[in-house]
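Trainee: just need the structure, nothing else, for what follows:
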Amino acid sequence: MLKPVRLIIGAMALALGLVSPVLAADIYEPPVIEYQPPAPIYEQAGGWYIRGDIDYHAPKLRGTEYITYGCCDPEPGTNTFDSTSLKGALSLGAGVGYQMSRYFRADLTGDYWFKSNFRGSTSGTCGGNPCVSEDESDLSALLLLANAYVDLGTYYGVTPYVGAGLGGAHVRWGDLRNTTGSGTDIHKGTSGWRFAYAVMAGASYCITHNLQADLGYRYSRIEGGRMFEEYSPSGASIGVGPGFDKGINTHEVRGGLRWSFGGNANCAPEQVAFQPEPVFEPVYK
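Mentor: Numbering: from 1, shown residues only. Sure, this is the predicted structure:
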């Protein structure tokens, strides 16, 4: 009677021994992955700035012409100066702008060009005799531009950039003094607004987190317009004028300072705007 019972108990023990490893294999213990904290979110550079600039500009006329009429030589019609030149001069500028990111900014600028002396000459006849005139005047202007720039990264405090601008210029020509062997005639100068545009390139240097020095080159183009009014001797039916310039090309070497409010220029290090709180719960695969 005991023998069958022993056999049954032995068989059950053997069965349990075989099943236990299988059950153990079904229990999965996932590996623990080391915690990686979330990356901080940084503030982008941005904010308002003001600027002041001084430059030396070298303007060049694209051409000049004047009208003659009546019984004078050259023949009535449109004639050109034999020679023209404009001297270089200084200008002062100021502006306000906004740094949208570390790579893009825009500003509004105004530059006053001090007087550039004009010299020219024409040839024709005076009282039936060949003669040459010497002409003198001056040019000044107020240049207003809306500009956009791309900053090309900051390297050891230096930020190179390129940019372009659109706007207008209020050009003022002084009275033209036309001198020949028979005397001097005065043509009244004119003034008015004209379309203008510019392209520029340069680099800024970080003096402090708020203050940058700026050195650059700018090419500006001002469209043509009236230069001087008509002159006719009193009671005469002959005359010369008005005169026109065909536009002004200007090369400028510029230097200035930019002050950024809040230190949000490219000079300031990136600031942490949000640092997520660390969570130390293990994450399982």
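Trainee: when you work out contacts or count neighbours from here on, use the C-alpha atoms and nothing else.
Mentor: Will do.
Trainee: measure stretch 93-105 end to end?
Mentor: By CA to CA, to the nearest Å, the extent of stretch 93-105 from end to end equals 18 Å.
Trainee: figure out how far that stretch is from the centre of its chain.
Mentor: In terms of CA atoms, centre = their mean, to the nearest Å, the centre of stretch 93-105 is found 9 Å from the chain centre.
Trainee: what residues sit buried inside it?
Mentor: Across stretch 93-105, burial judged by 16 or more other CA atoms under 10 Å covers 93-105.
Trainee: and which of those is nearest residue 266?
Mentor: residue 102 (5.9 Å; CA to CA).
Trainee: if we can go back for a sec, any chance of the buried residues of stretch 93-105 in TSV, with distance to residue 49 and secondary structure too?
Mentor: Shown next, in TSV, are these (distance: CA to CA, whole Å; DSSP: H, G, I helix; E, B strand; the rest coil):
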residue	distance to residue 49	secondary structure
93	14	strand
94	11	strand
95	9	strand
96	6	strand
97	5	strand
98	6	strand
99	7	strand
100	11	coil
101	13	coil
102	13	coil
103	15	coil
104	13	strand
105	10	strand
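Trainee: list just the nearest of those to residue 222.
Mentor: Nearest to residue 222 among those: residue 93, at 17.0 Å, using CA to CA.
Trainee: look up the closest residue to that closest one, ignoring the ones flanking it.
Mentor: Nearest residue to residue 93 in three dimensions, chain neighbours excluded: residue 111, at 4.0 Å (CA to CA, 6 or more residues apart in numbering).
Trainee: and after the helix or strand where residue 121 lies, which helix or strand comes next?
Mentor: Under the criterion of DSSP states H and E, residue 121 resides in strand 104-126. Per DSSP H and E, the first helix or strand lying C-terminal to strand 104-126 is strand 129-151.
Trainee: just want the angle from that following strand to strand 104-126.
Mentor: Angle of strand 129-151 versus strand 104-126, following axes from the mean of the first three to the mean of the last three CA atoms, to 10 degrees, is 180 degrees.
Trainee: and strand 129-151, what does it pack against?
Mentor: Here strand 129-151 is seen to pack against strand 104-126, strand 158-173, strand 176-180, strand 191-206 when contacts are counted using 3 or more CA pairs under 8 Å, 6 or more residues apart in numbering; DSSP states H and E.
Trainee: reformat the ones you listed as TSV; add distance to residue 226 and mean pLDDT.
Mentor: Supplementary listing: the helices and strands packed on strand 129-151 in TSV, determined by distance: least, CA to CA, whole Å; pLDDT from 0 to 100:
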stretch	distance to residue 226	mean pLDDT
strand 104-126	15	92
strand 158-173	9	97
strand 176-180	12	88
strand 191-206	8	97
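Trainee: hmm, residue 177 and residue 185 touching each other?
Mentor: Yes - look at residue 185 against residue 177 with CA atoms under 8 Å: they come within range, at 5.9 Å.
Trainee: picking that back up, which one among the buried residues of stretch 93-105 gets closest to residue 60?
Mentor: Nearest to residue 60 out of these is residue 93 (CA to CA; 20.2 Å).
Trainee: ok, what's across the strand from residue 165?
Mentor: Beta-bridge pairing for residue 165 (DSSP bridges): residue 147, residue 198.
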